[in-house]
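1. return atomic coordinates for the entry below.
(chains A and B)
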Amino acid sequence: DIQMTQSPSSVSASVGDRVTISCRASQIITNWLAWYQQKPGEAPKLLVHSISTLQTGVPSRFSGSGSGTDFTLTINSLQPEDFATYYCQQANSFPITFGQGTRLDIK
Amino acid sequence: EGQVVESGGDLVQPGRSLRLSCTASGFRFGEYALGWVRQAPGKGLEWIAFIRGKNSGGTTEYAASVKGRFTISRDDPKNIAYLQMNSLKIEDTAVYYCARDFWGGGYSFDYWGQGTLVTVSS
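-> Next comes the predicted model:
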């Protein structure tokens, strides 16, 4: 199984800040890495697929990057609606696995 | 725009069974794979089951934690997918989400339902 490890587990930031969330896979992932945003009481929302492709409708302040085993979600100029929990997911092989999540709080 | 809606969550005793439904609309259901992802209270996301579309034979995949107890199936003419859960355990307590596999993104999920709560307790 491919284990996904996110860091940090939580981060505090202010509106307008830039935040970076890391995700490391225990094995090389070819191209299928996704990022989701989840707000309390809501379903996850697909933000990025295929490592760096923004899902339709996702603001351009979000970006994904990386290769091999190391991946990053960057949020530029944080907005109030961005405070949520973020998950990476390897979409490469079964079993599908998620990172443990990164909670982004308002400082 | 497409959507999926889960139903069937309930309070059940350990060892009992429950069937969840996922009703889809707004897209060609039979052409898409679907998955179930659950989230225990206060915890992260856990993928548990996946069923391919008709063009891929409708084959299935399961997480080790549910294999042999849970069965995913689909009724394409009715646009419904099911998750049959047998021999339920307390640790199966979670919100269960149905999600559509996103074409071109590996096994990632673009449409998610609102979730249905399954509570396993005596």
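2. run through the residues that contact whichever residue of chain A sits closest to chain B.
-> Chain A approaches chain B most closely through A:Trp32 (2.6 Å), counting by Cβ to the nearest Cβ. No exception for glycine: its C-beta is placed from N, CA and C like everyone else's. With Cβ atoms under 8 Å, 6 or more residues apart in numbering or on different chains as the criterion, the residues that contact A:Trp32 are A:His49, A:Ser50, A:Ile51, A:Gln90, A:Ala91, A:Asn92, B:Gly105, B:Gly106, B:Tyr107, B:Ser108.
3. could you redo the last one with a cut-off of 10 Å?
-> Applying Cβ atoms under 10 Å, 6 or more residues apart in numbering or on different chains to A:Trp32 gives the contacts A:49-51, A:89-93, A:96, B:104-108.
4. and the closest residue to it other than its chain neighbours, how many neighbours?
-> Spatial nearest neighbour of A:Trp32, excluding adjacent residues (Cβ to Cβ, 6 or more residues apart in numbering or on different chains): B:Gly106 at 2.6 Å. For B:Gly106, the count of nearby residues is 22 (other Cβ atoms under 10 Å in any protein chain shown).
5. wait, isn't B:Gly106 in contact with A:Ile2?
-> No. Using Cβ atoms under 10 Å, B:Gly106 is not in contact with A:Ile2; the gap is 11.9 Å.
6. between the two, which contacts overlap?
-> A:Ile29, A:Gln90, A:Asn92, A:Ser93, A:Ile96.
7. buried subset of those residues as a PyMOL selection?
-> The PyMOL selection below is limited to those of the shared contacts of B:Gly106 and A:Ile2 classed as buried (16 or more other Cβ atoms under 10 Å in any protein chain shown):
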select buried, chain A and resi 29+90+92+93+96
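8. in the helix or strand harbouring A:Thr74, what counts as buried?
-> Assigned by DSSP states H and E, A:Thr74 belongs to strand A:62-75. Judged by neighbour count using 16+ other Cβ under 10 Å, the buried positions of strand A:62-75 are A:Phe62, A:Ser63, A:Gly64, A:Gly66, A:Thr69, A:Phe71, A:Thr72, A:Leu73, A:Ile75.
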